[in-house]
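Asker: Just to be clear, the model below is a prediction. Sequence and coordinates:
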Amino acid sequence: MTKKFIITISLVLFYSLISSAQNTLNQLTAKRTTAVFKIDGKLDEPEWKNAPVATNFVELRPVPFRKEEEVNRTEIFILYNDQGIYIGGYCHEKSKDSVATELVGRDNFGNNDFVGVIFDTYYDKINASEYFVTPLGEQMDAKQAPNSNGNSEDFSWSSVWESASSLQNDGWTFEMFLPYSALRFSKKDSQVWGMNIVRRRNKSGRQLFWAPKDPVKNGYDTQEGTLTIPDKIVPPLRLSFSPYLSVYANNYPYNQPGVKNSAYAVNGGMDVKYGINESFTLDATLVPDFGQVQSDNQVLNLTPFETKFNENRSFFTEGTELFNKGNLFYSRRIGGTPLHYYDVSGELSANEHIVKNPVETRLLNATKISGRTKGKLGIGFFNALSQPTYATIEDDNGKARKIETGPLTNYNIIVLNQSLKNNSSVTLVNTSVIRKGKDYDANVTAGLFDLYDKKNRFNFNGNAYMSTLFGPANTTGYKYGLGVGKVSGNFNAQTYMQVVDDKFNPNDLGIQFFNNYTENYVYLGYSVTKPHKWYNTWYNNFNLTYDRQYMPNAYKTFQYNYNGNVQLKNLWGIGLFLNGSLKGNDFYEARVNGRVYKTPAFFAPGVSVQSNNSKKYFINFTTYYGLTDLFNSREFYADFNHTLRFSNKFSVSHFISLNPISNNAGFPTANSDKGLDGRYDANTILFGRRDRMTIENRLNFKYSFNNKMYVTMRVRHYVSSVNYKQFYSLNSAGNLDALPANNSGINQYIANNKYFNNNVNIFNIDMVYSWRFAPGSEFNIVWKNGINTFERDVVNNYFKNFNNTLSAPQNNSVSIKMLYYIDYLRLRKKG
């Protein structure tokens, strides 16, 4: 009995010591220096030898809590002065050949080792700034803030700081200088920041942290250590200007009398960044120019909902973590399609035609103010102004007139986000769109809370929204929800319910595809993070979604999903997944309120494979096979993505996807040139049985001259065809009936099936030469080629589609842009 008791006590003490070791708070106190450093990555200044050092890194993956080996040890040194923070590091390896290097451009990790320093300057364990450097001296930086999926890293955010690296015979070294203008913190007599340091050793697949991280514990920053700056630092004046000048030449073969094929433009403007105080920053863009952003991935959209595009304009992606709270900000609304763009054709008289109808509005300026107080209250204010947009109409006698398609419009967002203890927060968000003249205005207000228990094991969250459209008849809608979950440990679970009424509409500044529903969601997840004989990690999750229409109350869908992902010992990944749904009711596909389409059951198992991406050649492959009851419809999808690195400067990657669907049922989309779609009359709605084929090809080339200069080229060809084989009418119960043979009106309406057929080709080239000739400054030359073709005759041969596309009229644009970063303090010092 005594022996068993002693053994039990010993085991308890042993595991307590392990747990205590894993939860011990890592601490480091920075040292003030008066030395002048040359940022060359060599660590040859004598002050580094006496600097405080962060070492004894611990592995997160593939083996959690494994300590680093002496031969591969990491040493990070931190000093500071009145201008900023100096960080030096020595990443030891057995030899120089063990270091993974690739030049991929700023904010891209590529096949690189790296070190990243994460500063939580308000020590709220929620928000942080990250600064990374690679062995060849390329930089990455990011803002870290929680979103609806947990903590997220926003690499579109950029700040101006210095770094350099140097390869050594036994590893690599680096130096970084972070000026206080790149950081935000409260004014105090001393500073205590949350801090962690991460190192990746890519060839071995190892990722290590200074403050150990438990892979099954929730929160990226909840396990951070601390950095203490023992005396008072006074933040300097933060004021910078980034004026730009751009020149554009555009050519499209209109070949029409009075219309020029070529156009030229010269633009100028400026970005301004001003530190209102040590915590808040104003960002403004005056007469912005976004003409060099990457072309959108346009697609053929057969759904009743709009296509959502990615945001490629840097001003609307950098430092917007506060404005994304509540998912009410879809920045593509700003400068997007004018409000009455599609109404112009209805304004035409019999003898008039459209000469010009701009598809985008012109943005005059935009401003952001954001920061966080000493009390950890985050405050954000966003404002943008777009100018009026006009369409030009001309009659047969050449007399022209203009129609306003978009009024002068003001966009606003206000966010208050209070960080609480235990990684919790509460948020208030308000968005508004104010239009000049007779058009309606819009406002959305939301309150959110996200609460965690003391041990960060359980989460309770909720939200409440109200939208109002102000016009001839004001419309108010509501959205609200609650959720609870277990968020730490090997087993996690989450459930929530979201209710959206039939009048809630955030789409003037946000994006919501539909309203009028109640969603019930359950998530179950189990993670194995301890390596076993043949694998390193194994993640599993199972998801259930049960939706109903809100008003009138009716069953909508029941969907299920399983995902399983395993990383093997050779760093390959294998995934298995299953998507499916039971029979349901679709209240949107018919495009008529009050009508329903009864959707068939769907079942689609799939698999994915990923090779070791540290190799010169690596692949990603995904495929699934879907089965649908109605018309014995079958869907196949496969994509193959592979990359070949010829050297650490030159690489080529290729992506191809194939998605044929047979006997798919759906609403025939509008034929703009014939004025036809599936709505034959008020009572008759047509559906079609159709074959669909979509192929997408993307080819990317990248060559880096050095860590400041590179050339990239992206070529994309997208082809999608829809071939209707038979038509049906949607009955009042939501089922499809065969068309009566004796109804000559309907038969004439669809006599030629190709009125509804689609054959779409989209081709784009984006070629960019970029030179970062000074910190924050860059010179770019961009060539963009675009071809869009739309036909009713389906072409089933891919290569014929490709050849036909290349022979179609092409839009070519060449632009040159220079942006120069001016720091006020440096300018004054030089003056």
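Answerer: Sure thing, it's come through.

Asker: what about stretch 337-349, distance to the chain center?
Answerer: In this view, stretch 337-349 has its centroid 32 Å away from the chain centroid, taken as Cα atoms, centre = their mean, to the nearest Å.

Asker: Start and end of that stretch, how far apart?
Answerer: Chord length of stretch 337-349, first to last residue, is 23 Å (Cα to Cα, to the nearest Å).

Asker: buried set for that stretch?
Answerer: 337-341, 344 (16 or more other Cβ atoms under 10 Å). The C-beta positions use only the backbone N, C-alpha and C, and glycine is treated the same way.

Asker: just stretch 824-831 next, same as before
Answerer: So for stretch 824-831, counting by 16+ other Cβ under 10 Å, buried means Y824.

Asker: Can you show me the CA trace of it as PDB?
Answerer: Provided in PDB are the C-alpha atoms of stretch 824-831 (Å, rounded to 0.1, in the frame of the first residue of the first chain):
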ATOM      1  CA  TYR A 824       9.600  63.500 -41.700                       C
ATOM      2  CA  LEU A 825      12.200  63.000 -38.900                       C
ATOM      3  CA  ARG A 826      14.900  61.900 -41.200                       C
ATOM      4  CA  LEU A 827      14.100  64.600 -43.600                       C
ATOM      5  CA  ARG A 828      14.300  67.200 -40.800                       C
ATOM      6  CA  LYS A 829      17.600  65.700 -39.600                       C
ATOM      7  CA  LYS A 830      19.100  65.900 -43.100                       C
ATOM      8  CA  GLY A 831      17.700  69.500 -43.500                       C
END
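
Asker: if I look at S704, how far off is G137?
Answerer: Applying Cβ to Cβ, to the nearest Å, the value for S704 to G137 is 11 Å.

Asker: Give me the more crowded residue out of those two.
Answerer: S704 (23 against 20; other Cβ atoms under 10 Å).

Asker: is it fair to say L339 lies in a helix?
Answerer: No: counting by DSSP: H, G, I helix; E, B strand; the rest coil, L339 is located in no helix; its state is coil.

Asker: Surely it is in contact with R435?
Answerer: Yes: counting by Cβ atoms under 8 Å, R435 is a contact partner of L339 at 7.4 Å.

Asker: quick one on the thing from earlier: got a markdown table for the buried residues of stretch 337-349, with pLDDT and distance to D283 too?
Answerer: Converted to a markdown table, those look like this (pLDDT from 0 to 100; distance: Cβ to Cβ, whole Å):
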| residue | pLDDT | distance to D283 |
| --- | --- | --- |
| T337 | 90 | 25 |
| P338 | 93 | 26 |
| L339 | 92 | 27 |
| H340 | 92 | 31 |
| Y341 | 91 | 29 |
| V344 | 89 | 35 |
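
Asker: just curious, which of these is nearest to W771?
Answerer: The nearest member of the buried residues of stretch 337-349 to W771, counting by Cβ to Cβ, is T337 at 34.1 Å.

Asker: Give me the distance between the residue most central in space within the chain and M195.
Answerer: The residue lying closest to the centre of the chain (Cα atoms, centre = their mean) is N310, at 6.8 Å. Counting by Cβ to Cβ, the separation of N310 from M195 is 32 Å.

Asker: picking that back up, need the overlap of contacts for L339 and R435.
Answerer: Each of P407 lies in contact with both L339 and R435 under the rule Cβ atoms under 8 Å, 6 or more residues apart in numbering.
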